[in-house]
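> My questions are about this predicted structure, shown below with the sequence.
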Amino acid sequence: MLEALTRDLRAGDAAGHRRAARRAHLIAFLTLAAPGVPLGALLALLKPLQVEGLATQAGVLLLVLLLAGVAWHLARRTARDERLPAPQRALAGAMQVATTPAIAFLVGCAFLSTPLFAALLWTLALALFVLTRPR
């Protein structure tokens, strides 16, 4: 996967840079999210986190949305930074914006002992992944 990313970067055209940004987005998301599942499972076994009450769930969801929004804003700012060359802007922005869905995914992993809430957060992570994917 890294070889394909390097090849796309070296292509030098807009389509190659877009493919590289998409690959970087996926790699960054997987790098952030991969440890979440085993750590969440371990947490569910040793000290399960329960989200009881609609107000608590709404609070956690609001916090996730707030953090994801901040991550998205900062990544967009990097992607628009005129001081960086265009390929570097696209790549850095794609890698940084991958934290947006990763936040929802990782918080969902922390609540594996509450399957419906974890599924809600993972659905949000999927939606954010699709929305933040470089175009």
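Yep, it's here. Numbering: from 1, shown residues only.

> Tell me where this protein has helices.
Assigned by DSSP state H, the helices in the chain fall at 2-11, 14-33, 36-46, 54-79, 86-97, 99-110, 115-132.

> which stretches of the chain have low pLDDT?
Residue ranges of the chain with pLDDT under 70: 2, 5-6, 8-10.

> Go again with 80.
For the chain, applying pLDDT under 80 flags the ranges 1-17.

> how close does residue 58 get to residue 3?
Distance of residue 58 to residue 3, given as Cβ to Cβ, to the nearest Å: 44 Å. C-beta: built from backbone N, CA, C; applies to glycine.

> quick one, which of the two is more surrounded?
Taking other Cβ atoms under 10 Å, residue 58 and residue 3 do not tie; residue 58 has more neighbours (11 against 7).

> Would you mind measuring from the more buried one to residue 51?
10 Å.

> Count the neighbours of residue 21 for me.
By the measure other Cβ under 10 Å, the count of residues near residue 21 is 26.

> Same question for residue 134.
Residue 134, neighbours per other Cβ under 10 Å, totals 20.

> so what's it up against?
Residue 134 is in contact with 18, 21-22, 25, 90, 93-94, 97, counting by Cβ atoms under 8 Å, 6 or more residues apart in numbering.

> Equivalent analysis for residue 109, please.
33, 36-37, 39-40, 43, 118 are the contacts of residue 109 under Cβ under 8 Å, 6+ apart.

> which one is it nearest to, not counting chain neighbours?
residue 40 (3.1 Å; Cβ to Cβ, 6 or more residues apart in numbering).

> and what of residue 86?
Excluding the flanking residues, the one nearest residue 86 by Cβ to Cβ, 6+ apart is residue 17, at 7.2 Å.

> pretty sure the one you found is in contact with residue 87, am I right?
Yes. When contacts are counted by Cβ atoms under 8 Å, residue 17 is listed as touching residue 87 (5.0 Å).

> Which one's more surrounded, the two?
residue 17 (21 against 16).

> Quick check: that one vs residue 68, distance?
Taking Cβ to Cβ, one finds residue 17 at 25 Å from residue 68.
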